[in-house]
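Novice: please find the sequence and the predicted model below.
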Amino acid sequence: MAAEPVGPSVSALADRLRTRRLRALTADVSEHVRAVLPDYPEAATDCAISVEQMLGELAGEGERISLQETGRRRAQESLPVEWLLHSFRLCARVIWQGLVEEATHAGDDCVRRLLDEAVVVWDALDRVSTLVTKAYREEQSRVQRTTRRRRELVLSALLDRPPASASAGDEAGEVLAIPVRGPRVVVVSTVGSGHPETALRAAGFTSAWVTQGARDVGLLSLLSSDDLPRATETLASCLPGAVTVSPLIDSFDEVATAHRLAALTLRTLPGTFQGIARVTDRLPHTLVAGVPDVADVLVRNTLGGLLTVRAAEREVYLSTLEALVDADGSFAGAARKLYCHRNTVLKRAHRIEALTGRRLTSTRALVELYLAVLAVRMDTNRSGENGRYAPRP
């Protein structure tokens with residue numbers, strides 16, 4: 001429905017106010033705004049524009065470009081929109097009072113016509129505040145999109161390589177609102193987990209996030225290294241899916257390396273994994289994942305005949321090797337972990353030795369076998385049962 005214009009009588013009153021009392025009305029409303037919002041920058045300028053535009057709207061001669069510019073400029077300056085709207089309410093009140101005074105001087109008939117059109121008058125005044133608010137919101141959204149995009153570009157560059165110069169590092173710190181130096185970690189999570197920036201901010205942490213392909217990546221700044229456990233708890237509470245956290249670093253120069261480690265660690269996790277995994281808790285896995293060609297040679301050269309046995313049998317031997325490592329090479333300790341007799345573990349160990357040609361009493365052999373088992377497990381996690389090392393059916 002089109003806005004209903006004010007009648008000629010009210011238009012004449014508005015034109016009279018604009019011609020005779022514009023400066024006085026502006027001074028009056030500016031005084032009110034400064035009293036309520038003393039920190040409002042350029043309050044007098046905005047009030048002058050608002051009063052003139054509102055009177056122009058009532059007189060049927062509104063020029064809205066300056067109003068839109070006011071809204072855009074205040075959004076760029078991050079002036080609270082509530083301040084802007086409050087100043088417009090004060091302008092509308094002062095103008096209404098001026099209209100009433102002018103109508104009173106003109107006689108009862110003019111007052112009656114003004115009151116008859118009161119709703120139309122206030123609708124016209126509201127249109128002005130709606131216009132400036134719309135311009136403010138549109139510019140605010142544009143600024144936020146631009147700021148977010150710039151933050152994403154700067155963070156993406158840091159995740160790829162160290163800053164090219166000290167000035168580039170300073171600029172990155174300013175854009176991301178993260179100190180150039182200080183404790184921080186890189187966080188990598190499965191895509192769709194979301195960016196927990198709001199939750200982290202509420203917990204007192206600053207962070208920046210970007211989506212890269214199938215991963216969400218964040219740089220999380222800590223107040224001190226002691227804050228890492230609390231930050232990890234916050235991440236766990238708001239990020240579903242699989243999440244990896246890099247070792248603590250101290251500068252932007254280390255971000256790219258920390259990112260690679262966290263991304264590698266994410267690849268080592270089972271597909272069903274849910275929760276937080278720290279790189280430092282999965283260093284052997286990350287080591288194997290980081291050099292796939294070496295891992296492939298390690299598997300085939302170390303496990304040997306164990307790769308040729310049927311799936312169920314091979315799983316028994318792989319689990320036995322894992323239990324032996326977890327038990328520091330103790331057959332009795334491995335038996336407890338596997339819920340079987342020590343002699344059962346010994347029999348399996350002899351069979352493993354026969355298939356691989358390696359003695360399980362050798363620390364080097366046990367380490368190599370364990371790393372090979374990790375590589376097989378990660379291959380299965382990525383490729384399912386038809387991976388590179390798939391056993392015979």
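Specialist: Looks like it arrived, so ask away. Model, not experiment: these values are computed from the prediction. Residues are numbered from 1 along each chain as shown.
Novice: what are the ranges of the helices in the stretch 1-150 of the chain?
Specialist: Secondary structure of the stretch 1-150 of the chain by DSSP state H, counting those that start in this stretch: the helices cover 8-20, 22-36, 43-59, 65-76, 81-106, 108-116, 118-160.
Novice: out of those, flag the one nearest residue 197.
Specialist: helix 118-160 (10.0 Å; CB to CB). From N, CA and C alone the C-beta is placed, and that goes for glycine too.
Novice: tell me the helix or strand right after that closest one.
Specialist: The helix or strand immediately downstream of helix 118-160 is helix 166-176, counting by DSSP states H and E.
Novice: helices and strands around that next one, which ones?
Specialist: helix 118-160 (3 or more CB pairs under 8 Å, 6 or more residues apart in numbering; DSSP states H and E).
Novice: between the helix it packs on and helix 81-106, how many degrees?
Specialist: For helix 118-160 against helix 81-106, the angle by axes from the mean of the first three to the mean of the last three CA atoms, to 10 degrees is 160 degrees.
Novice: point out the other helices and strands that helix 118-160 packs with.
Specialist: helix 43-59, helix 65-76, helix 81-106, helix 166-176, strand 206-212, strand 215-221, helix 255-268.
Novice: residue 321 is nearest to which of the ones you listed?
Specialist: Among those, helix 255-268 comes nearest to residue 321, with 17.4 Å by CB to CB.
Novice: tilt between the closest one and helix 166-176?
Specialist: Going by the same axes, to 10 degrees, helix 255-268 makes 60 degrees with helix 166-176.
Novice: tabulate the CA atom coordinates of the next helix or strand after helix 255-268 in CSV.
Specialist: Per DSSP H and E, the first helix or strand lying C-terminal to helix 255-268 is strand 275-278. Output in CSV follows, covering the C-alpha atoms of strand 275-278 (Å, rounded to 0.1, in the frame of the first residue of the first chain):
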residue,chain,number,x,y,z
GLY,A,275,35.8,-34.9,19.7
ILE,A,276,39.1,-33.2,20.1
ALA,A,277,42.5,-34.7,19.1
ARG,A,278,45.7,-32.9,19.9
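Novice: picking up where we left off before, and among the helices of the stretch 1-150 of the chain, the most buried is which?
Specialist: Mean neighbour count (mean count of other CB atoms under 10 Å) peaks for helix 43-59 among the helices of the stretch 1-150 of the chain, with a mean of 23.
Novice: distance from it to the middle of the chain?
Specialist: 40 Å (CA atoms, centre = their mean, to the nearest Å).
Novice: list the helices and strands that helix packs on?
Specialist: helix 8-20, helix 22-36, helix 65-76, helix 81-106, helix 118-160.
Novice: that helix versus helix 8-20: what angle between them?
Specialist: If you take the same axes, to 10 degrees, helix 43-59 sits at 150 degrees to helix 8-20.
Novice: for the stretch 151-300 of the chain, give me the ranges with low pLDDT.
Specialist: 192-194 (pLDDT under 70).
Novice: switch to 80 and redo it
Specialist: 191-195 (pLDDT under 80).
Novice: could you export the helices and strands packed on helix 43-59 as TSV, including distance to residue 56?
Specialist: Shown next, in TSV, are these (distance: least, CB to CB, whole Å):
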stretch	distance to residue 56
helix 8-20	7
helix 22-36	10
helix 65-76	10
helix 81-106	11
helix 118-160	9
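Novice: pull the longest strand from this protein.
Specialist: In the chain, taking DSSP state E as the definition, the longest strand is strand 181-190.
Novice: just after that one, pick out the following helix or strand.
Specialist: helix 197-202.
Novice: if we can go back for a sec, quick one: closest of the helices and strands packed on helix 43-59 to residue 59.
Specialist: Nearest of those (CB to CB): helix 8-20, 4.4 Å.
Novice: what would that closest one look like as CSV? C-alpha coordinates only.
Specialist: Only the C-alpha atoms of helix 8-20 are listed here, as CSV (Å, rounded to 0.1, in the frame of the first residue of the first chain):
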residue,chain,number,x,y,z
PRO,A,8,-2.0,20.8,2.0
SER,A,9,-2.6,22.4,5.3
VAL,A,10,0.0,20.3,7.1
SER,A,11,2.4,20.7,4.2
ALA,A,12,2.1,24.4,4.5
LEU,A,13,2.8,24.2,8.3
ALA,A,14,6.0,22.1,7.5
ASP,A,15,7.1,24.5,4.9
ARG,A,16,6.7,27.4,7.3
LEU,A,17,8.8,25.6,9.9
ARG,A,18,11.5,24.9,7.4
THR,A,19,11.6,28.5,6.2
ARG,A,20,11.3,30.3,9.5
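Novice: for it, name the packing helices and strands.
Specialist: Counting contacts by 3+ CB pairs under 8 Å, 6+ apart, helix 8-20 is packed against helix 43-59, helix 81-106, helix 108-116.
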